[in-house]
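> here you go, sequence then predicted model.
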Amino acid sequence: MNCKIRRIKWDRIWISFFIENVPENHDVYISGPVFYKLKKSENNPTEYLLNITNPGKCKMLSPGIYKLVTIGNEGFLPIEADKSLDLKVLNRQFRYFHRERAYRVQFANKTEFKIKTSDVKLPMSPLKRLTSIIRTSRHNLAKSILRTIYNLEFSVLHRKDSTDIYNISNPRILLMSDQSEEMGSNMAAFKNALIKNGYTPDEALRAITTKHYSILHWIKTLAKIARADFIFLDDHSQTTDWLTFKGVILTQLWHAGAGFKSTGYSRFGMPASPAPKSGHRQYTYGIAGSRKIRHFFSEVWGINDDMVLPAGMPRLDEFLDEEYKQNKIKEIYDKYPELCKPRKVILFAPTYRGENKRHAYYPYDNLDFDSLYEVCKKKDYCVIFKMHPFVAEKTPIPESFRDRMLDMSDYPNINDLLYITDLLITDYSSNIYEFSLMHKPMLFYAFDIDEYSKERGFHRDYRKNTPGKVVETFDDMISAIEKGDFEYEKVEEYLENNFEYIDSNSCHRIIDWVIRGNIPEELIPKSFN
C-alpha cells in the first residue's frame, strides 16, 4: 500500500502530517532545494512534524517546491495526499519586517502533493513604500558604517595568540544586553559567579529599544564585542540581527525559566516577531533548566534542541542559598512590618500587555480592589503588587486599602518577594518557575486567555500545563482564595518536568561547560562532533 497523507494541521510554526502506511524502518523527509528529516510525534505514530522556522540547520525552510518521501531499507518511497483534503485552507502567510514582507507556505495536490515556500514583498501604498525606503536606506547606511567599524576593530583587537579558545588563561568575557542599562537577575548572578572564579567580565548594557546612543558609544561597544572570546546575553539583542559576531562563543542566558507565552520564532508572523534571519541564529548555546523543556527554548531561538544546555538558571544559585534567603526575609519584614506573620501574603505579579517595552501596560480595570480587600480582611491576607518592569503605570491602590495592599513594583528583585509569599497570582509570566521551588500554591488569573492566545500565542497548552488553578473572571479568583481552591497538586508535576537540577550550581555548570569547554559527552551538540 502507498504511503498516504490523511490529514494536515498547523500549530503556529509547526506543520503536522498524518501519514498512513509508513514502513516501520522508514523515516519521513521533505525533499526539495534542501533535504530534512521530519520529527516523529511521541504521541501519535502516524504524525510527522515540520518546523518551518528551523527544520534542522538553524534557518528557515528555504524558498522552493518540496515533496514528502520516506527513506528506509526499501530506498525511497513516494508519499501521496488524500484527494479529499482541502488544501487551500491550509495555506499560510507569515508577515515580518514591519509587516512589509511575508514568508508563504502553499499546498497543491493536482498531479502530486507539493509544498511551495516563498519569500515575497507585500504590496504597499506609494506613500508607505516611500517612507519604508527612506527609513530602510537610513538604517542600512548606519548599519553599514557600524559593520565597517566593527570589522576594523576586530582585526586589531581580537586576540590572535591562541587557536583553542578553551585553553586561554584569561578569556575575555562580555556580559551584554540591548534591553536594559541595568543588569538583570540572571546576568547579575552569573557575573558574581565569574568574579568568584577569578574572571574579570566586561559589560555592555544598553536599552536601544527606548534610547538613542551616540556614535562614540557605539564605537566603544563594538570594540568590546570585537575583543570578546565569550559573550553572554540575557535577552534578544537587536545588534545581533544586523551584525555578524566573529571569533566568539555566544550564549543566551534568557531570563524566562519555563513560562507559556510565545516569543521569538515560536510566534513567527505575529507583530514584533523576528525576521527569517535574525540574531537568534548566531547563538552557540542557549541555557535552560531541563532537557524536558529545552525544545521550547530552541523553538524560540530557531536553533537545534541539542544546542540548548540544561545547566539551570544562574539566578537560582542565589535563590536557593539558605543564608541569602533568611537575610532577605528579615530585610523585607523589617522594612514592611505589615507583611509579617501571622498575616499571609499574596503576590500579584502578572506579565505585561502590549507589543513590546515601548507599548507595555496592564489593564487595571480588570481588578476589583474592593472585593480583593474584603477577602483579604476575611482571610487575613496582605497583597503585594509587583508589575512587570515594562509597565510604567503604578497600581491604582485606593488610599484606604493601603494597610493591606502594597505596590512594590519598584522592588529590584521579585525572587526575594517569593520567599515571603503564601500564594502567587499571575497569568502567563515565567515567575512560576522559581516559585514552584517554594512548594506553595498558585492561581492563574487569565481573564483574556482567548485574546492573548490569538495575539501573543502559547508554545504549549496553557490550561493543561499551569501548576495551579486557572480562573478567567475576577469573581472566580476571589472564590478560589476564599475556598483555598488552588489545585496545588499540579505544582509537583511541574517541578518534575522543568528542573534537571535543584541546587546552587547552575553558574558553575555554565562556566565549566561553556567557558572551559567541559560539556558532558552526552550533551555535546551533534553538529559539534
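It's in. Numbering: from 1, shown residues only.

> now do the helix or strand of the chain with the lowest mean pLDDT: everything it contacts.
In the chain, the helix or strand scored least confidently by mean pLDDT, DSSP states H and E is helix 449-455, which has a mean of 82. Contacts with helix 449-455, where a contact means C-beta atoms under 8 Å, 6 or more residues apart in numbering, come from Lys261, Met270, Pro271, Arg353, Asp427, Tyr428, Ala446, Tyr462, Val470, Glu472. All C-beta atoms are positioned from the backbone trio N, CA, C, and that covers glycine.

> could you pull out the helices for the stretch 401-529 of the chain?
Along the stretch 401-529 of the chain, counting by DSSP state H, counting those that start in this stretch, helices occupy 414-418, 432-435, 449-455, 462-465, 474-483, 490-498, 506-510.

> would you put the C-alpha positions of the least confident helix or strand of the chain in CSV?
In CSV, the C-alpha atoms belonging to helix 449-455 read as follows (Å, rounded to 0.1, in the frame of the first residue of the first chain):
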residue,chain,number,x,y,z
ILE,A,449,-6.8,34.0,27.6
ASP,A,450,-8.5,33.7,24.3
GLU,A,451,-7.5,37.2,23.1
TYR,A,452,-3.9,36.7,24.5
SER,A,453,-3.6,33.3,22.8
LYS,A,454,-4.5,34.9,19.4
GLU,A,455,-2.4,38.0,19.7
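
> what ranges in this protein fall below the confidence cut-off?
The chain contains residues with pLDDT under 70 at 1, 162-163, 257-260, 459, 527-529.

> closest to Leu205 out of the contacts of helix 449-455?
Checking the contacts of helix 449-455 against Leu205 by C-beta to C-beta gives Lys261 as the nearest, at 24.5 Å.

> check which helices and strands the host helix or strand of Leu222 is in contact with.
Assigned by DSSP states H and E, Leu222 belongs to helix 215-227. On a contact count with 3 or more C-beta pairs under 8 Å, 6 or more residues apart in numbering; DSSP states H and E, helix 215-227 meets helix 126-157, strand 173-177, strand 202-205.

> in it, what's buried?
Neighbour counts over helix 215-227 (16 or more other C-beta atoms under 10 Å) mark Trp218, Thr221, Leu222, Ala223, Lys224, Ile225, Ala226, Arg227 as buried.

> same question for stretch 458-478.
458-459, 462, 465-471, 476-478.

> same question for stretch 173-190.
Buried residues in stretch 173-190, defined by neighbour count with 16+ other C-beta under 10 Å: 173-180, 183-190.

> over to stretch 282-300?
Here stretch 282-300 shows 282-290, 293-300 as buried, counting by 16+ other C-beta under 10 Å.

> end to end, how far does that stretch reach?
Its first and final residues considered, stretch 282-300 spans 13 Å by C-alpha to C-alpha, to the nearest Å.

> could you dump the helix holding Leu222 to CSV, C-alpha only?
Provided in CSV are the C-alpha atoms of helix 215-227 (Å, rounded to 0.1, in the frame of the first residue of the first chain):
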residue,chain,number,x,y,z
ILE,A,215,28.4,57.1,17.6
LEU,A,216,31.2,57.2,20.2
HIS,A,217,29.1,54.9,22.4
TRP,A,218,28.6,52.5,19.5
ILE,A,219,32.3,52.5,18.7
LYS,A,220,33.2,51.6,22.3
THR,A,221,30.5,48.9,22.4
LEU,A,222,31.6,47.4,19.1
ALA,A,223,35.2,47.4,20.4
LYS,A,224,34.1,45.3,23.4
ILE,A,225,32.3,42.9,21.1
ALA,A,226,35.3,42.6,18.9
ARG,A,227,37.6,41.8,21.8
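
> residues contacting it, please?
Here helix 215-227 makes contact (C-beta under 8 Å, 6+ apart) with 146, 149-150, 153-154, 156-159, 172, 174, 176, 202, 204, 206, 213, 231, 239, 243, 245-246, 248.

> buried among those residues? Need that as a selection in PyMOL.
To isolate the buried ones among those in PyMOL, judged by 16+ other C-beta under 10 Å, type:
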select buried, resi 146+149+150+153+154+158+172+174+176+204+206+231+239+243+245+248
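
> what residues are up against Gly484?
With C-beta under 8 Å, 6+ apart as the criterion, no residue contacts Gly484.

> sorry, that was for Phe107
With C-beta under 8 Å, 6+ apart, Phe107 has these contacts: Ile8, Leu87, Lys88, Leu90, Asn91, Phe113, Lys114, Ile115, Lys116.

> going through these, which ones are buried?
Ile8, Leu87, Phe113, Lys114, Ile115.

> which positions in the helix or strand encompassing the first one come out as buried?
Pointing back at Ile8 there. Using DSSP H and E, Ile8 maps to strand 3-11. Going by neighbour count (16+ other C-beta under 10 Å), the buried part of strand 3-11 is Cys3, Lys4, Ile5, Ile8.

> sheet partners, orientation included, of the helix or strand following the helix holding Leu222?
Toward the C-terminal end, the helix or strand that comes next after helix 215-227 (DSSP H and E) is strand 230-233. When pairing is defined by DSSP bridges, strand 230-233 lines up against strand 173-177 (parallel), strand 249-252 (parallel).

> reformat these as CSV; add distance to Tyr411.
Output for the strands paired with strand 230-233, formatted as CSV (distance: least, C-beta to C-beta, whole Å):
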stretch, distance to Tyr411
strand 173-177, 20
strand 249-252, 26
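
> closest to Leu347 out of those strands?
Set against Leu347 and scored by C-beta to C-beta, the strands paired with strand 230-233 come closest in strand 173-177, at 25.6 Å.

> got the angle for that closest one vs helix 215-227?
Between strand 173-177 and helix 215-227, the angle comes out at 140 degrees (axes from the mean of the first three to the mean of the last three C-alpha atoms, to 10 degrees).

> helix or strand right after strand 173-177?
Proceeding N to C from strand 173-177, the next assigned helix or strand is helix 185-196, under DSSP H and E.

> returning to what we had before: let me know the closest of the buried residues of stretch 458-478 to Tyr433.
Closest to Tyr433, out of all of the buried residues of stretch 458-478 and judged by C-beta to C-beta, is Pro467, at 9.5 Å.

> from Ser185, how far off is the closest one?
Computed as C-beta to C-beta, to the nearest Å, the Pro467 to Ser185 distance reads 21 Å.

> what does Ile303 give?
Taken as C-beta to C-beta, the span from Ile303 to Ser185 is 24 Å.

> export the buried residues of stretch 458-478 to a markdown table and append columns for distance to His26.
Shown next, in a markdown table, are the buried residues of stretch 458-478 (distance: C-beta to C-beta, whole Å):
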| residue | distance to His26 |
| --- | --- |
| Phe458 | 33 |
| His459 | 29 |
| Tyr462 | 35 |
| Asn465 | 32 |
| Thr466 | 38 |
| Pro467 | 39 |
| Gly468 | 43 |
| Lys469 | 44 |
| Val470 | 41 |
| Val471 | 47 |
| Asp476 | 50 |
| Met477 | 51 |
| Ile478 | 56 |
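
> biggest separation within those, which pair?
Across those, the longest distance by C-beta to C-beta is 30.0 Å; it joins His459 and Ile478.
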